[in-house]
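A.B. asks: Sequence below, structure please.
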Amino acid sequence: MEAKKHKGVFFELDYGKDINLDNKDKKIISILGENCRISPTTIGKMIHTSKDSVRYRTNQLIKKDIYRGNIAVLNPLSLGFPVYSILIKLKNMTSEKEEKIIQYFENHPFIIWVGQTQGAFDFSIVITSKSIVEFDKLLKEIQIKLSDSIKELKVLHMTKMYSCNTIPPEFQRQTGIKLDYEKVDSSFGSLFSTPYARLEEEKQVLSMKEVLILKTIANNANLPLQDISEITKIKRDTVKNMIKDLIKKKIILAFRALINASFLKYHGYVAYFKLYPETKEAKRKEFEEYFKNSDKICFGTEASGSYYDSMVYIFAKDPLDFNRTINEIKNKFSNIIEEYNADLILKDYKFTFLPEGIISPLQNLFLNVAKHF
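C.D. replies: The predicted structure follows:
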C-alpha cells in the first residue's frame with residue numbers, strides 16, 4: 001500500500017534517499033522556500049533557464065513528494081487568537097491507537113501543526129482557539145479523548161514567533177541564491193521582512209473581503225491574482241492592494257513552499273529550553289537573536305508562564321550536526337539555560353496558519369463590528 005502523503009516538511013523515512021537533485025532543482029527549491037509566489041518566468045531568469053523548464057522541474061518535484069504545497073505564514077496573534085503548544089507523552093500504545101490519535105489531530109479544526117516525535121514526547125502540537133476560555137475547553141476535550149493514553153502533558157502559551165523557514169537557511173545559502181526584489185510584483189517579496197509576531201501587537205480587525213482572501217490563499221499561497229479574484233469575486237487590483245495592506249499590517253508574514261527537508265538530507269528536531277527565572281530581558285533578547293540569525297532554524301517561538309520558555313525547531317544534517325548545534329547553544333548561554341530537552345521529529349501531518357476552526361470566528365468578528373456602523 002502506498003504511504004500516505006502529508007503536508008508538512010519532515011518525514012524521517014525519506015531521509016537520505018537519492019532523488020537526483022541537480023543544482024537547478026536545488027535553486028528552484030531555495031527560491032520557492034523563500035517565496036512560493038515567484039513566477040516561473042522570474043525563477044527562470046534567476047537560474048538561467050526557460051520558464052517551461054522551471055514548470056517541468058517544479059512538477060517533477062511535486063511528483064517526487066519533495067514540493068508538498070504552499071502556505072501563507074499568518075500572524076494569529078495580531079488577529080486576537082491565542083496560540084499554544086501541547087507536548088504529549090503517551091502510554092499503553094498500539095499501532096491502532098496511534099493511528100486513531102494521528103487522525104484525530106490531523107482533522108482537528110484548531111490545530112496549526114502536529115508532529116510525531118521521538119524522545120521526551122511523542123507528539124508536539126501547535127494549536128489556536130477563539131479565546132483563552134475556548135482553549136481550556138479544547139484542552140479538556142483532548143485530555144478526555146486521550147484519557148487512557150496520556151502519560152504526561154505540558155502546555156506552553158506562545159507569546160512570540162520569530163523565523164519560519166520551510167527549508168534550511170543553510171541549504172539556501174549553499175545554493176548561492178539571493179532574491180533581489182526591485183518592485184511590488186505579484187510575489188510581494190519586496191514588502192517582506194523576517195517573519196516576526198508577538199502577543200503585544202495591536203489587534204487587527206479584518207474586513208470580509210480580507211477574510212475571503214486569507215481563506216483562499218492560506219493553503220494555496222501561490223495562486224495567481226486572477227485566480228484569487230475569480231474565487232473571491234473581488235476585483236484583481238483590489239486583491240493585490242488588500243494583500244499589500246495585509247503584509248504591511250503584519251498579518252501576512254511570508255509565502256512559503258512546503259518542502260520535504262528529509263529529501264534534502266536534513267533531520268528535524270524540536271528543542272525546549274527553560275531559562276532561569278532571574279534571566280534579564282537583555283539576555284533573553286540575545287537568546288532570541290541567536291536563533292533568528294542561525295542558519296539551522298526552522299521555526300522559533302517564545303512562551304510565557306509555561307514550563308519551557310522557548311521551543312525551537314532545528315534542521316540538522318545528522319545527529320552529530322544536531323549535537324554540535326546544541327553544544328554551541330549550551331556553551332553560549334550556559335549562564336541562563338536551567339534545563340533543556342529535545343525530540344527528533346519523525347513526521348509532521350499538518351501545517352497551516354489558518355485552520356478551519358478560526359475562519360468562522362473571523363467572519364463573525366467582522367459581522368459584529370459591522371453592526372455598529
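A.B. asks: CA only for contacts and neighbour counts going forward, please
C.D. replies: Fine.
A.B. asks: which parts of stretch 165-178 are buried?
C.D. replies: Residues of stretch 165-178 classed as buried: N165, T166, I167, P168, P169, F171, Q172, T175, I177 (neighbour count, 16 or more other Cα atoms under 10 Å).
A.B. asks: Sort the residues you listed by pLDDT and name the bottom one.
C.D. replies: The member of these with the lowest pLDDT is I177, at 88.
A.B. asks: Can you check my assumption that that one lies in a strand?
C.D. replies: No: under the criterion used here (DSSP: H, G, I helix; E, B strand; the rest coil), I177 is coil, not part of a strand.
A.B. asks: my guess is it contacts L32, does it?
C.D. replies: No: using Cα atoms under 8 Å, I177 makes no contact with L32, being 11.0 Å away.
A.B. asks: What strand or helix carries V133?
C.D. replies: According to DSSP states H and E, V133 maps onto helix 132-145.
A.B. asks: Pull the residues that contact the one helix or strand M158 maps to.
C.D. replies: Using DSSP H and E, M158 falls within strand 150-164. Residues from elsewhere that reach strand 150-164 (Cα atoms under 8 Å, 6 or more residues apart in numbering): 73, 82-91, 143, 194-199, 288, 292, 297-308.
A.B. asks: Of those residues, grab the buried ones for ChimeraX.
C.D. replies: Only the buried members of these enter the following ChimeraX selection, criterion being 16+ other Cα under 10 Å:
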select :73,82,83,84,85,86,87,88,89,90,195,196,197,198,199,288,292,297,298,299,300,301,302,303,308
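A.B. asks: For E182, grab the count of nearby residues.
C.D. replies: 8 (other Cα atoms under 10 Å).
A.B. asks: Sorry, wrong one. I was asking about K283.
C.D. replies: 13.
A.B. asks: remind me which residues of the stretch 1-150 of the chain are low pLDDT?
C.D. replies: In the predicted model of the stretch 1-150 of the chain, residues 1-6 satisfy pLDDT under 70.
A.B. asks: so what's S187 up against?
C.D. replies: N35, C36, R37, I38, S39.
A.B. asks: measure the residue nearest to I177 when sequence neighbours are not counted to L253 for me?
C.D. replies: In this structure, I177 finds its nearest non-sequential neighbour in K27, 6.6 Å apart by Cα to Cα, 6 or more residues apart in numbering. Distance, K27 to L253, using Cα to Cα, to the nearest Å: 22 Å.
A.B. asks: residues touching I43, list them.
C.D. replies: Neighbouring residues of I43 by Cα under 8 Å, 6+ apart: I28, I31, K51, V54.
A.B. asks: Report the distance from the helix or strand hosting the second one to the chain centre.
C.D. replies: Secondary structure assigned from DSSP H and E places I31 in helix 23-34. The gap between where helix 23-34 is centred and where its chain is centred comes out at 18 Å by Cα atoms, centre = their mean, to the nearest Å.
A.B. asks: Could you do stretch 348-363 as well?
C.D. replies: 12 Å.
A.B. asks: What lies in contact with it?
C.D. replies: 6-11, 71-76, 102, 106, 109-116, 129-130, 206, 208, 211, 215, 218-219.
A.B. asks: Pull out the buried residues from the residues you listed.
C.D. replies: Listed as buried from the contacts of stretch 348-363 are 6-11, 71-76, 102, 106, 109-116, 129-130, 206, 208, 211, 215, 218-219; burial here means 16+ other Cα under 10 Å.
A.B. asks: These in strands, which ones?
C.D. replies: Among these, the residues falling in strands (DSSP state E) are I71, A72, V73, L74, I111, I112, W113, V114, G115, Q116.
A.B. asks: got a markdown table for the residues you listed, with distance to A257 too?
C.D. replies: Output for those, formatted as a markdown table (distance: Cα to Cα, whole Å):
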| residue | distance to A257 |
| --- | --- |
| I71 | 6 |
| A72 | 9 |
| V73 | 10 |
| L74 | 14 |
| I111 | 19 |
| I112 | 16 |
| W113 | 15 |
| V114 | 18 |
| G115 | 18 |
| Q116 | 21 |
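A.B. asks: residues of whatever helix or strand comes next after the helix holding I31 that come out buried?
C.D. replies: Counting by DSSP H and E, the next helix or strand C-terminal to helix 23-34 is helix 40-47. Across helix 40-47, burial judged by 16+ other Cα under 10 Å covers P40, I43, G44, M46, I47.
A.B. asks: how far is helix 40-47 from where the chain is centred?
C.D. replies: 26 Å.
A.B. asks: send the alpha carbons of that helix over as PDB?
C.D. replies: What follows is helix 40-47, C-alpha atoms only, in PDB (Å, rounded to 0.1, in the frame of the first residue of the first chain):
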ATOM      1  CA  PRO A  40       8.400  30.600 -13.300                       C
ATOM      2  CA  THR A  41       9.500  33.400 -15.600                       C
ATOM      3  CA  THR A  42      11.300  35.200 -12.800                       C
ATOM      4  CA  ILE A  43      12.800  31.900 -11.500                       C
ATOM      5  CA  GLY A  44      14.000  31.100 -15.000                       C
ATOM      6  CA  LYS A  45      15.800  34.400 -15.200                       C
ATOM      7  CA  MET A  46      17.400  33.800 -11.800                       C
ATOM      8  CA  ILE A  47      18.800  30.300 -12.700                       C
END
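A.B. asks: and the angle for it with helix 23-34?
C.D. replies: For helix 40-47 against helix 23-34, the angle by axes from the mean of the first three to the mean of the last three Cα atoms, to 10 degrees is 120 degrees.
A.B. asks: what's in contact with the helix or strand just after helix 40-47?
C.D. replies: Later in the chain than helix 40-47, the nearest helix or strand by DSSP H and E is helix 51-63. Helix 51-63 is contacted from outside by D25, I28, P40, T41, T42, I43, G44, Y67, R68, using Cα under 8 Å, 6+ apart.
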